[in-house]
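with the sequence up front, the predicted model follows.
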Amino acid sequence: GAVVSQHPSWVICKSGTSVKIECRSLDFQATTMFWYRQFPKQSLMLMATSNEGSKATYEQGVEKDKFLINHASLTLSTLTVTSAHPEDSSFYICSAGGLLNTEAFFGQGTRLTVV
Amino acid sequence: AQSVTQPDIHITVSEGASLELRCNYSYGATPYLFWYVQSPGQGLQLLLKYFSGDTLVQGIKGFEAEFKRSQSSFNLRKPSVHWSDAAEYFCAVGARNQGGKLIFGQGTELSVKP
């Protein structure tokens, strides 16, 4: 199966700082990548859809100025959490769309803790 | 509205017993259906998927699921549960040409008694 690498796997940052999370498709080109957020004991909620070379599409209620998404190449999308606050602490997971556009492959996730 | 419902938040079964996790969906287009498993603090592992064809799908780790269009269901089953199956299970639905965009159910936490 296709491999998606997400980095870092965990990060602790101070309140008010910014954190960047990378999502890479290692062995295929992904025109579309997705970013999900998962709070403890909850399901995965789609935050945004990232398309290579264009602006991301954000789901309702997700602040686009706070969660900056860049999809500059067919193998890399980044999520930057700006001015992080403790309530942003969560598990962030990316997925990359497959060639047949029928399924996506998930990264390992990033545990963000804001202190 | 598109949605996925997993009615059981938490299920406990004895090791060696059979398991069925329920999943119902509401989706306008022809659905692509998935089951994922997540261990604490870990990412998602795909157990199985249904796109078309045979409605009984075999997956990894001895899991299977059956797509029933008339009931809008995609229940996950395993004939004999192992202690290592204890985890969180998510049902998800997507559609063709959406590049893998998924809607997830709330998840079912499975505990296994010795």
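Good, I have the coordinates. All of these numbers come straight from a predicted model, not from anything done at the bench.

quick one: name the residues of chain A near chain B.
Residues of chain A lying close to chain B by CB under 8 Å from any CB of the partner chain are A:1, A:6, A:31-32, A:34, A:36, A:42-46, A:49, A:93, A:95-98, A:101-109, A:111. Heads up, the C-betas are built off the backbone N, CA and C, glycines and all.

kindly recompute the last result at 7 Å.
A:32, A:34, A:43-44, A:46, A:49, A:93, A:95, A:97-98, A:101-104, A:106-109, A:111 (CB under 7 Å from any CB of the partner chain).

what parts of chain B come near chain A?
Contact residues (CB under 7 Å from any CB) of chain B with chain A: B:32, B:41, B:43-44, B:49, B:51, B:90, B:94, B:96-97, B:99-102, B:104-107.

how about the strands of chain B, start to end?
B:3-5, B:10-14, B:19-21, B:24-26, B:31-38, B:44-50, B:56-58, B:64-68, B:73-78, B:87-95, B:103-104, B:108-113 (DSSP state E).

which residue does chain B have closest to chain A?
Closest approach of chain B to chain A (CB to the nearest CB) occurs at B:Gly100, with a separation of 2.5 Å.

residues contacting that residue?
Applying CB atoms under 7 Å, 6 or more residues apart in numbering or on different chains, we find B:Gly100 in contact with A:Phe34, A:Ser95, A:Gly97, A:Gly98, A:Glu103, A:Ala104, B:Gly94.

then B:Ser111?
By CB under 7 Å, 6+ apart, B:Ser111 lies in contact with B:Thr12, B:Ala86.

just give the number of residues close to B:Pro40.
9 (other CB atoms under 10 Å in any protein chain shown).

swap that for A:Glu103, please
If we define neighbours as other CB under 10 Å, then A:Glu103 has 22 of them.

what pLDDT is listed against it?
Note for A:Glu103: predicted pLDDT of 75.

how far away is the spatially closest residue to it that is not a sequence neighbour from B:Asp54?
In this structure, A:Glu103 finds its nearest non-sequential neighbour in B:Gly100, 5.0 Å apart by CB to CB, 6 or more residues apart in numbering or on different chains. Separation of B:Gly100 from B:Asp54 (CB to CB, to the nearest Å) stands at 22 Å.
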